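S.K.: predicted model, plus sequence, below.
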Amino acid sequence: MKKQARVVGISMLAVLGIAMGALSASANPVPGESNLVGSRSTLFADALAEARSSGAGQWQILALEAAAETDEVTIDTAREGALRAVACMVDAGFGGEVIESQTARGILPEAILNTNNTAEGFAKADACRFSEDFWISKVFQLQPTAQAALEQFVEERSELLRACLESHGYVTEPGATGAELADKAAQIAFETCNRVNCLSEAGIDVW
């Protein structure tokens, strides 16, 4: 069974997702998780509707419209959105840059504030991301290709998960899949307030 995306720890994306409110709740919600998760047919349309109602910039709206037609946000679109968010920060007198991280879902471009780490600076950086790439980035991380990459990544680390769980005294089923082991690890991390976090120990940054 395909699982909803869970975030291990609270990222800026998750914090902003909570602030904007959820369009659709996960079947098994975990505090801090991103809730804009839907089927292939609704993810893109829901993101577009939320972006429009929240005052996203014209470029982001057009990019989401194009993505809704193709059911895909490409890496080039995600990069352009991040670059536009940084340009917005710079135009406002704040420093910013795009960083690219290798995550369980693949490469993730992110616009970050690199100077003026003040309340005013962070507020402007958030406003720029909302205007230029917040929903693009969100869909990029939750679209079917990203979810498939995540599931493969987790399956490749299933034995690391199993070894970690068993080393902490938790019983695992011999035939458990990577996704099932990750579900168990996520639940244990939640119940132990991350004192036992086998997802992190196995190098899985999101689930």
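M.R.: Yep, that arrived.

S.K.: residue ranges of each domain in this structure, please.
M.R.: Domain assignment of the chain by automatic domain parsing yields the ranges 12-151, 157-201.

S.K.: out of these, which gets the lowest mean score?
M.R.: Mean pLDDT per stretch puts domain 12-151 lowest among the domains of the chain, at a mean of 82.

S.K.: and it, how far from the chain's centre?
M.R.: Here domain 12-151 is found 8 Å from its chain centre; the criterion is Cα atoms, centre = their mean, to the nearest Å.

S.K.: what segments of the chain are helices?
M.R.: 12-20, 40-53, 58-70, 75-91, 119-132, 134-142, 144-156, 158-167, 178-191, 198-201 (DSSP state H).

S.K.: so which of those helices is the most packed in?
M.R.: helix 134-142 (a mean of 26; mean count of other Cβ atoms under 10 Å). For glycine as for every other residue, the C-beta is placed from the backbone atoms N, C-alpha and C.

S.K.: quick one, that one and helix 40-53 angle?
M.R.: Calculated by axes from the mean of the first three to the mean of the last three Cα atoms, to 10 degrees, helix 134-142 forms an angle of 160 degrees with helix 40-53.

S.K.: please tell me how far the one residue sitting closest to the centre of the chain sits from Asp133.
M.R.: Here the mean C-alpha position of the chain is nearest to the C-alpha of Gln141 (Cα atoms, centre = their mean), at a distance of 5.1 Å. Using Cβ to Cβ, to the nearest Å, we find Gln141 at a distance of 12 Å from Asp133.

S.K.: I'd say Val86 and Ala92 touch.
M.R.: No: applying Cβ atoms under 8 Å as the test, Val86 and Ala92 come out as separate, 10.8 Å apart.

S.K.: and for those two, which residues touch both?
M.R.: Shared contacts of Val86 and Ala92, defined by Cβ atoms under 8 Å, 6 or more residues apart in numbering, comprise Cys128.

S.K.: could I get the domains of the chain as TSV with distance to Trp207?
M.R.: What follows is the domains of the chain, written out as TSV (distance: least, Cβ to Cβ, whole Å):
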stretch	distance to Trp207
domain 12-151	8
domain 157-201	5
